[in-house]
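Q: Can you look at this prediction? I've put the sequence above it.
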Amino acid sequence: MNYKLSPSDLTFLYEGCKRCFYLKMVHNIAQPSIPLPSIFTKIAGLLKNHYDGKHTSELHVNIPPGTVSYGEKYVRSQIVQLPKHNDTCYISGRFDIVVSFEDRTYGVIDFKTSNPNAESASLYSRQLHAYAYALEHPDPGALALYPVTKLGLLYFHPSRVGQQSMEQLSYEADITWVEIKKDEPSFLNFIDELLDVLESPKAPEHSPNCPWCKYTQKLSSI
């Protein structure tokens, strides 16, 4: 099998429930989808349009000099073939923005409308590494950018409200930059672990923290 890996599935589905990840990838049985509230999609679109073409000094003081040069582009990696595995995989998804730095390297940045914390930064590391890997090891014809030297999250946490008129209200947000250390060998070790799961002849056990597993277990007991 050659599995298509979505960066968001690596971040949420695999971490949340390996059984559900296995069922989706191996048997095409997906969890019921929960649509993202449209307000977050709207905010994300406004942020990407606002920062398009901007210098990094307008994003955050701790981001090296450069320009936001790519927004919401699809990536697709070449096939990943790891030792001791018969199955292969590839990464396919769409990033938020990529910065072209003045030293001719690149940075992958994700926007998050939330309060920054260490746990979420660790979780999103896999997603950012997936985009970076696809950009540096692209499928023929896919977007190729090399080298990617910076990965990070730009958090926007609403903090204040302002009102310009009776018909217009604005939110202000605190902006926090959280850099993720790039470590491709560790990311490939993770892919190795993931392929171990997918190549197993049976699905992992039900996860005690997975609501969908709890629901299906209740159904099977009726």
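A: That came through fine. Numbering: from 1, shown residues only.
Q: which parts of stretch 8-16 are buried?
A: Asp9, Leu10, Thr11, Phe12, Leu13, Tyr14, Gly16 (16 or more other C-beta atoms under 10 Å). The way it works is simple: take the backbone N, C-alpha and C, and place the C-beta from them, glycine included.
Q: From Ala142, how far out is the second one?
A: Right, the one you point to is Leu10. Computed as C-beta to C-beta, to the nearest Å, the Leu10 to Ala142 distance reads 18 Å.
Q: swap in the last one?
A: Shown here: Gly16 relative to Ala142, a distance of 28 Å by C-beta to C-beta.
Q: just the fourth one next, same as before
A: Taking C-beta to C-beta as the measure, Phe12 falls 24 Å from Ala142.
Q: Now that Arg126 has come up, it's in contact with Phe190, right?
A: Yes - taking C-beta atoms under 8 Å as the definition, Arg126 is a contact partner of Phe190 at 6.5 Å.
Q: how about low-confidence regions in the protein?
A: Low-confidence segments of the chain, defined by pLDDT under 70: 34-36, 219, 221-222.
Q: residues in contact with Val108?
A: Taking C-beta atoms under 8 Å, 6 or more residues apart in numbering as the contact definition, Val108 lies against Phe95, Ile97, Val98, Leu128, Tyr131, Ala132, Leu135, Val148, Lys150, Leu151, Gly152.
Q: Between all of these, which two are at the greatest distance?
A: Across these, the longest distance by C-beta to C-beta is 14.7 Å; it joins Leu135 and Gly152.
Q: center of the protein, which residue is that?
A: Geometric centre of the chain, nearest residue: Gln127, 3.2 Å, by C-alpha atoms, centre = their mean.
Q: Which residues are in contact with it?
A: Gln127 neighbours (C-beta under 8 Å, 6+ apart): Pro7, Ser8, Leu10, Thr11, Asp110.
Q: Ramachandran angles for it?
A: Torsion angles at Gln127 (phi, psi; degrees, to the nearest 10) stand at phi -60, psi -50.
Q: Check Lys18 too.
A: Phi and psi for Lys18, reported as degrees, to the nearest 10, are phi -70, psi -30.
Q: Just say helix, strand or coil for Glu193.
A: Assigned with DSSP: H, G, I helix; E, B strand; the rest coil, Glu193 falls in the helix class.
Q: before we move on, what about Leu128?
A: Applying three-state DSSP: Leu128 is helix.
Q: Contact partners for it?
A: So Leu128 contacts Val108, Asp110, Leu151, Gly152, Leu153, Ile180 (C-beta under 8 Å, 6+ apart).
Q: Ranking by neighbours, what's the top pick from these?
A: Val108 (27 neighbours; other C-beta atoms under 10 Å).
Q: what does stretch 18-33 contact?
A: Contacts with stretch 18-33, where a contact means C-beta under 8 Å, 6+ apart, come from 1, 3, 9, 13-14, 197-198, 200, 203-207, 210, 212-213.
Q: Now go through those and say which are in helices.
A: Among the contacts of stretch 18-33, the members falling in helices (DSSP state H) are Tyr14, Val197, Leu198, Trp212, Cys213.
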